[in-house]
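> This is a predicted model, with the sequence first.
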Amino acid sequence: MPIIHVNLLEGRPKEKVAEVIENVTKAVSETLDSPVENVRVIVTEVAKTHWGKAGEPISRE
């Protein structure tokens, strides 16, 4: 059973998160020839204060 973890910055509409889940599921199912029922996608939304780039939190951009 494939389990895929996706980390995203917080703030995206729930419809976009659902679209990511759907598209990742399809891609993994097709690539691994695995039924979609067996694919699990876990989306973790990370606070912008907890995500850094170039030594600084994203929240400072």
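That came in fine, so what should we check first?
> Tell me where this structure has strands.
Secondary structure of the chain (DSSP state E): strands at 3-9, 40-46, 52-53, 56-57.
> who does the last one pair up with?
Yep, that's strand 56-57 we're talking about. With DSSP bridges as the test, strand 56-57 is paired with strand 52-53 (antiparallel).
> Tabulate the strands of the chain (JSON lines), appending mean neighbour count, mean pLDDT and distance to T31.
Where C-beta positions appear, they are placed from N, C-alpha and C, glycine not excepted. Below are the strands of the chain laid out as JSON lines (neighbours: other Cβ atoms under 10 Å; pLDDT from 0 to 100; distance: least, Cβ to Cβ, whole Å):
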{"stretch": "strand 3-9", "mean neighbour count": "12", "mean pLDDT": "97", "distance to T31": "11"}
{"stretch": "strand 40-46", "mean neighbour count": "13", "mean pLDDT": "98", "distance to T31": "14"}
{"stretch": "strand 52-53", "mean neighbour count": "10", "mean pLDDT": "93", "distance to T31": "29"}
{"stretch": "strand 56-57", "mean neighbour count": "11", "mean pLDDT": "92", "distance to T31": "34"}
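> now those strands in CSV, with distance to D33?
Putting the strands of the chain into CSV (distance: least, Cβ to Cβ, whole Å) gives the following:
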stretch, distance to D33
strand 3-9, 16
strand 40-46, 16
strand 52-53, 36
strand 56-57, 41
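> Quick one: closest of those to A18.
Nearest of the strands of the chain to A18, taken as Cβ to Cβ: strand 40-46 at 9.2 Å.
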